[in-house]
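Student: sequence plus predicted model, see below.
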Amino acid sequence: MIEDRIKNRQAKIGVIGLGYVGLPLAVHFARNGYEVLGFDIKRERVNLVNQGKSYIRDAKQSELNRLVKLKKISATGDYNRVPECDVIQICVPTPVNINKEPDVSYIVGTTEEISKRLRKGQLIILKSTTFPKTTESVMLPILERSGLHIGKDFFLAFSPERIDPGNKEFTLENTPTVVGGVTSRCTKLAVLLYKNADSNVISVRSPAVAELTKLIENTFRNVNIALMNELAQLCERMHINIWEAIDAASTKPFGFMPFYPGPGVGGHCIPIDPYYLSWKAREYDFHTSFIELSAKVNEDMPYYIAKKVVESLSKAGVCPSKARVLVLGVTFKKDVSDLRDSPALKIIEILEEKVGKVLYNDPYIENIVVHNLHYTSVSLVSYMVDESPRSHQVSSRVDESPRSHQKTDVLRNIDCVLIATDHSAYDYKKIVKNTKLVIDARNATKSVPDGLKGGSIVKLGC
Ligand SMILES: NC(=O)c1ccc[n+]([C@@H]2O[C@H](COP(=O)([O-])OP(=O)(O)OC[C@H]3O[C@@H](n4cnc5c(N)ncnc54)[C@H](O)[C@@H]3O)[C@@H](O)[C@H]2O)c1
């Protein structure tokens, strides 16, 4: 019985897709005593896992290595090993296409592979973020092609992954798990599984409720960031400091949760997930105006920041078309190495047409390609708080480790520094002191005392 195998930790756990979500999940289950078999189509990732080498910060190298040596984790690219697993958790990408429509082809492809090999007693759980009803309307019919019966022969549930990569305070260990199964037995089995893996579990009535839970969380974030981005623009007109106002509002012990303006939103979740909901809503003749409005505001931000750079250069008496602009931080948020949908890349693309030369520095990212142009991170080693930001490293690629750069004072020849991502590794006081013009899109210079200023600081939302 699968119940007993889960309870006794004899169940073998398959994890399909060993990325930001899948690899830490595999480590989590192995840590909790289960044998885990990871699947990935990238041979390089499979090989690294089997060597005990981590390429995702949230899966600690030493722990992965230990668990691989104990034979608690191994990886494969061979779907023929699906029948070995009692439980299969699917963590494949769910992007949007160029028209911002959901692309669930990874889910469909993976489900088809499982369906061909489905055996009695298996529990399948989708973790990838997707629109409501994917589990029941897209996955279930494919799995039923196997001839097996849901709730009797095999079990299917949705459980959203809620981790925030790089967040040290809230991890898989202390973030509750939401679960919704197709039948009550599906839900019970999924609840049993996550409880046995030491999670606080919340069960909901259906996979659709669990799917919507995840979309509500990320849409809520997207909408509130958009609100702050709009208010930041108002504050600039009114010459009021929004950052100070948000800090003051945050002192209210109830009814307020701080969100901050910035150069836009990025990563694999916030800019993408709301589109899954708005796309599905249209099928019901419903237009999700909050989602559309926040997408508009957030997607305008890189253009707004680029315009601010150009206008500030002109105001400072520098001809934009001859100016050298250095963008600090290109990842989508601080202290991670994830470039996906980063607004900094969009800003670089826009600035490339408007200023003389665009350069960048990021302690996590050595090279980038924006609109077919190749850039290499310039040396800023003497402007780092910690000269070796390896302690902040998160790699999405194997060779992504931040390099130590040669010592040259690049700031001397720079007309404007744009702080696009506020990595903790930067010494902002020193940067401000040695730069003629700083555009701060993240309030990174908040602790720089007025007397220290070299040139001027232009801050978003002030
Ligand atoms: N990154 C996050 O912060 C985060 C947080 C919560 C939820 N999610 C959701 O989790 C899902 C996965 O996101 P991610 O960030 O881990 O993506 P990722 O790109 O980091 O990892 C996905 C992995 O799946 C592999 N893969 C793709 N197709 C496959 C297939 N057919 N078979 C086996 N492996 C395959 C890829 O090679 C890759 O290693 C998405 O739906 C995402 O929205 C992501």
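Tutor: Okay, I see it.
Student: ok, which residues in the stretch 151-300 of the chain are in contact with the ligand?
Tutor: Residues of the stretch 151-300 of the chain lying near the ligand by CB under 6 Å from any ligand atom: 161, 163, 165, 268-269. Just so you know, the C-beta spots here come from the backbone N, C-alpha and C atoms, and that holds for glycine as well.
Student: any chance of those in TSV, plus distance to residue 461?
Tutor: Output for these, formatted as TSV (distance: CB to CB, whole Å):
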residue	distance to residue 461
161	32
163	29
165	26
268	26
269	24
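Student: roughly how far does residue 377 sit from residue 159?
Tutor: Distance, residue 377 to residue 159, using CB to CB, to the nearest Å: 38 Å.
Student: no wait, residue 6
Tutor: Distance from residue 6 to residue 159, by CB to CB: 14 Å.
Student: ok, and the closest non-adjacent residue to residue 144?
Tutor: residue 150 (6.7 Å; CB to CB, 6 or more residues apart in numbering).
Student: burial count for the one you found?
Tutor: 18 (other CB atoms under 10 Å).
Student: which stretches of the protein have low pLDDT?
Tutor: Filtered on pLDDT under 70, the chain yields the residue ranges 386-408, 453.
Student: show me what residue of it gets nearest to the ligand.
Tutor: residue 19 (1.8 Å; CB to the nearest ligand atom).
Student: ok, now which ones touch residue 208?
Tutor: 132-133, 135-136, 158, 180 (CB atoms under 8 Å, 6 or more residues apart in numbering).
Student: reformat the residues of the stretch 151-300 of the chain next to the ligand as a markdown table; add neighbour count.
Tutor: Formatted as a markdown table, those follow (neighbours: other CB atoms under 10 Å):
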| residue | neighbour count |
| --- | --- |
| 161 | 21 |
| 163 | 16 |
| 165 | 20 |
| 268 | 19 |
| 269 | 24 |
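Student: give me the element the nearest residue to residue 352 once chain neighbours are set aside is part of.
Tutor: What sits nearest to residue 352 in space, not counting adjacent residues and going by CB to CB, 6+ apart, is residue 358, at 5.5 Å. In this assignment (DSSP states H and E), residue 358 forms part of strand 357-361.
Student: what about that strand, distance to the chain center?
Tutor: Averaging C-alpha positions (CA atoms, centre = their mean, to the nearest Å) puts strand 357-361 24 Å from its chain's average.
Student: check stretch 442-454 too.
Tutor: Counting by CA atoms, centre = their mean, stretch 442-454 comes out at 29 Å from the chain centroid.
Student: list the buried residues in it.
Tutor: By neighbour count on 16 or more other CB atoms under 10 Å, the buried set for stretch 442-454 is 442-445, 448, 454.
Student: and for stretch 51-58?
Tutor: 52, 54-58.
Student: how about stretch 180-190?
Tutor: So stretch 180-190, judged by 16+ other CB under 10 Å, has buried residues 180-183, 185-190.
Student: stretch 81-96 too?
Tutor: Buried residues in stretch 81-96 (16+ other CB under 10 Å): 82, 85-94, 96.
Student: go back to those residues and keep what's next to the ligand.
Tutor: Counting by CB under 6 Å from any ligand atom, the members of the buried residues of stretch 81-96 near the ligand are 91-94.
Student: reformat these as CSV; add distance to residue 201 and secondary structure.
Tutor: Putting those into CSV (distance: CB to CB, whole Å; DSSP: H, G, I helix; E, B strand; the rest coil) gives the following:
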residue, distance to residue 201, secondary structure
91, 18, coil
92, 23, coil
93, 25, coil
94, 23, coil
